[in-house]
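In: No sequence on hand, only this structure:
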């Protein structure tokens, strides 16, 4: 399956309204943000308020038998750094505690994992049952379903669900529901200035 938007399942395009094919300039920015060339076939699933790539979606692929890459990757260096600060403060454990103690939070998380799984399986080539088998049971953070090990992945998923249509801003449209842990990360970050920077860092300027 190629990265042309028209080749994607309708369900995926509807759930991820901000999907775009990267331009050559986008690819330069992504390489600088990540410190390497993006691996595999990628689409931009969320841009920051400056119009720069912030989250990418990597098309599932069996490759040479290696691991399937994470579906969503937070490339924005500022957002990534700030989420890393949350993790260093114990927010992963706090999220697990909420899942254990708050039924509504846990139920929403299970719904997120089911929605995430549907997206992954819809993207897996139907002619490759091996890939579909490898994707079953994968959670939004790339590990086993139900695991909370990387807030970056959960925020990337949430930002992809809530992306404005076709990279636009202030469309007035209601964001897609879902990504409860990513939403919680956004709420934590909002108390410290949010996920986005006022001025793009050097890694985002070509």
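Out: Cool, the structure landed. Owing to the predicted nature of the structure, the values given are computational and were not obtained by experimental measurement.
In: looking only at pLDDT, what's the mean for stretch 79-98?
Out: Stretch 79-98 shows a mean pLDDT of 95.
In: Residue 152 versus residue 109, what's the distance?
Out: Per Cβ to Cβ, to the nearest Å, residue 109 is found 17 Å from residue 152. Glycine gets a C-beta too; all of them are placed from N, C-alpha and C.
In: Before we go further, residue 55 is sitting in a helix, right?
Out: No: per DSSP: H, G, I helix; E, B strand; the rest coil, residue 55 lies outside any helix segment and is strand.
In: and it, how many neighbours?
Out: Residue 55 is flanked by 26 other residues according to other Cβ atoms under 10 Å.
In: What's the per-residue pLDDT of residue 151 here?
Out: For residue 151, pLDDT reads 93.
In: now residue 71
Out: In this model, residue 71 is scored at 86, pLDDT.
In: Tell me if I'm right that it and residue 116 touch.
Out: Yes: between residue 71 and residue 116 there is a contact at 7.4 Å, judged by Cβ atoms under 8 Å.
In: Return every residue with contacts to both of those two.
Out: residue 157 (Cβ atoms under 8 Å, 6 or more residues apart in numbering).
In: Next, the distance between the ends of stretch 31-41.
Out: 14 Å (Cα to Cα, to the nearest Å).
In: roughly how far out does it sit from the chain middle?
Out: Centroid separation for stretch 31-41 versus its chain: 15 Å, with Cα atoms, centre = their mean, to the nearest Å.
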